[in-house]
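S.K.: mind folding the following:
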Amino acid sequence: MLRVFFSALLVPVLVAVAATAPVEARPKSVAGRTQNPITLSGRVFPTDISASSPSDVWVVGLVREPGAERTFALHWDGSTWSEPRTPELGSSAVLSGVTAVSATNAWAIGWYETGRALFPLLIHWDGSRWTRVRAPRVPGLTLGAVSADGANDAWTTGDTDRGGGRYALTFHWNGTAWHRVPNPAPHRANLLSISAASPSDAWAVGNYPVGRLQRTLTMHWDGSTWTRVPSPSPRKYPTLLGVSDTPSGTAFAAGDAGTLGDIPLVIEWNGSTWRRRLVPSGPPPPTANDVAATSAGDAWVVGSVGMTRIFISHWDGAAWQSVPFPYDPHTGLVAVSADAAADAWAVGWHKDSDLRSREVVVFHWNGSSWREMTP
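M.R.: Reported below is the predicted structural model:
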């Protein structure tokens, strides 16, 4: 799951892709689109999506208003969208990731600012409301990605610029509290996505610098320790933006092979090694923002081609293939979540033909076709 986002007021380092363009929710309907019952005033940035079933889907992000940012969380219950209130903290706040375990158990993470100081933001959904949960005490900590396998097994990644440099951190929820767990990420590494399939099987991915170059980073949790695992690093500046683990032990990760906007990089873990899988694309080449898999024979990768159109491809166990999608110019996808072979969700942004009005868009895969389900 991709959890790469930003706040110009809060984070000095932008680790993002073309799909992080701001979008504005627009309540009036347009050609081929549904009426939007939820009004999000300001400039809206969707950051993540997570589905535990066809009737339990979360979309989170931030709304930029004059002088500040606030968080938002949208929920689909199988028939309607709603916007449960999220805790308001500090002068600005961001939700960068979400993970849904069930209709009564979900986590969302990010950070907030008070004065000039940054603090981690952890909130939990119990079926009726979002509640703030105590985060580990780490100066300057911001949280970027989250994944939960069950009520007693959740992971989040973060980083801090304190203590003589930037460090990538991992934290685990054991059902009672969040605790920091040591990891072997190099100094100045970025952990941009995390995915847990079981208490003894999780992956975290991102990148790290080597001199003036950059390399992909993959780490595996085996139930007791995090271990670095070699992964393909083509070109000079490859990065992995999303990862998805499966109960079978197969995992997929996606990103860019070079600089942002370059050839998509999609790799598959077969139980012993990471192998690159070629994905049909371009020209112009798309950005692969996220990946979601349910098995070794079912995975999705999503992104955008610049600021002009959607990029999406499906893995059937043999090859990545293009899939018919509701074509909409000036639309890109930020994140994807798959709960089953017949239940996948994607979130992104859309700009109207005048290139001025923008909105959040959501799409659903029912096993045979993609359908727009924009709130």
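
S.K.: can we go C-alpha only for contacts and neighbour counts from here?
M.R.: OK.

S.K.: wasn't T218 part of a helix?
M.R.: No - read with DSSP: H, G, I helix; E, B strand; the rest coil, T218 is strand and lies in no helix.

S.K.: surely it touches S231?
M.R.: Yes - counting by CA atoms under 8 Å, S231 is a contact partner of T218 at 6.5 Å.

S.K.: neighbour count: these two, which is higher?
M.R.: T218 (25 against 20; other CA atoms under 10 Å).

S.K.: what distance do you get for the residue lying closest to the more buried one once chain neighbours are set aside to Y167?
M.R.: Closest residue to T218 apart from its sequence neighbours, by CA to CA, 6 or more residues apart in numbering: V205 at 4.5 Å. According to CA to CA, to the nearest Å, V205 stands 14 Å off from Y167.

S.K.: of these two, who's got more company?
M.R.: Comparing V205 with Y167 by other CA under 10 Å, the one with more neighbours is V205, at 31 against 19.

S.K.: CA atoms of the host helix or strand of that one as PDB?
M.R.: In this assignment (DSSP states H and E), V205 forms part of strand 201-210. Taking C-alpha atoms only, strand 201-210 is exported to PDB below (Å, rounded to 0.1, in the frame of the first residue of the first chain):
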ATOM      1  CA  ASP A 201       5.100 -12.200   7.400                       C
ATOM      2  CA  ALA A 202       5.300  -8.500   6.500                       C
ATOM      3  CA  TRP A 203       7.200  -6.400   4.000                       C
ATOM      4  CA  ALA A 204       8.300  -2.800   4.100                       C
ATOM      5  CA  VAL A 205       9.700  -1.100   1.000                       C
ATOM      6  CA  GLY A 206      11.200   2.200  -0.200                       C
ATOM      7  CA  ASN A 207      14.600   3.500  -1.100                       C
ATOM      8  CA  TYR A 208      18.000   4.700   0.300                       C
ATOM      9  CA  PRO A 209      20.900   6.800  -1.000                       C
ATOM     10  CA  VAL A 210      24.200   5.400  -2.100                       C
END
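
S.K.: any idea of the mean pLDDT for that strand?
M.R.: For strand 201-210, the mean pLDDT works out to 97.

S.K.: just checking: what are the partner strands of that strand?
M.R.: Take DSSP bridges as the rule and strand 201-210 pairs in its sheet with strand 190-198 (antiparallel), strand 213-221 (antiparallel).

S.K.: mind listing what's buried along that strand?
M.R.: Residues of strand 201-210 classed as buried by neighbour count (16 or more other CA atoms under 10 Å): D201, A202, W203, A204, V205, G206, N207, Y208, P209.

S.K.: dump those residues into TSV; add distance to W300 as well.
M.R.: Below are the buried residues of strand 201-210 laid out as TSV (distance: CA to CA, whole Å):
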residue	distance to W300
D201	20
A202	19
W203	17
A204	18
V205	17
G206	19
N207	21
Y208	25
P209	28
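
S.K.: of these, which is the nearest to A103?
M.R.: Checking the buried residues of strand 201-210 against A103 with CA to CA, the nearest one is A202 at 22.5 Å.

S.K.: how close does the closest one get to T216?
M.R.: In terms of CA to CA, A202 sits 17 Å off from T216.

S.K.: what helices and strands are in contact with the helix or strand bottoming out on mean pLDDT in the chain?
M.R.: When the helices and strands of the chain are compared on mean pLDDT, DSSP states H and E, strand 358-365 comes out lowest with a mean of 86. Counting contacts by 3 or more CA pairs under 8 Å, 6 or more residues apart in numbering; DSSP states H and E, strand 358-365 packs against strand 43-53, strand 343-351, strand 370-372.

S.K.: try it again at 6 Å.
M.R.: If contacts are counted by 3 or more CA pairs under 6 Å, 6 or more residues apart in numbering; DSSP states H and E, strand 358-365 sits against strand 343-351, strand 370-372.

S.K.: neighbouring strands of the first one in the sheet, and parallel or not?
M.R.: Spelled out, it's strand 343-351. Here strand 343-351 has these sheet partners by DSSP bridges: strand 331-340 (antiparallel), strand 358-365 (antiparallel).

S.K.: winner for burial among these?
M.R.: strand 331-340 (a mean of 28; mean count of other CA atoms under 10 Å).

S.K.: run through who's touching that one.
M.R.: Strand 331-340 is contacted by residues 19, 48, 50, 52, 289-290, 292, 294, 303-304, 309-310, 344-350 when judged by CA atoms under 6 Å, 6 or more residues apart in numbering.

S.K.: and the gap between S233 and A51?
M.R.: For S233, the distance to A51 equals 31 Å [CA to CA].

S.K.: with neighbour numbers in mind, choose between these two.
M.R.: Neighbour count, other CA under 10 Å: between S233 and A51, A51 has more, with 28 against 20.

S.K.: so that one sits against V57, correct?
M.R.: Yes - A51 is within contact range of V57, at 4.2 Å (criterion: CA atoms under 6 Å).

S.K.: beta-bridge partners for the nearest residue to L192 once chain neighbours are set aside, please?
M.R.: Counting by CA to CA, 6+ apart, the nearest residue to L192 once its immediate chain neighbours are dropped is G206, at 4.9 Å. Beta-bridge partners recorded for G206 (DSSP bridges): L191, L217.

S.K.: quick check: G206 vs T176, distance?
M.R.: Using CA to CA, G206 is found at 28 Å from T176.
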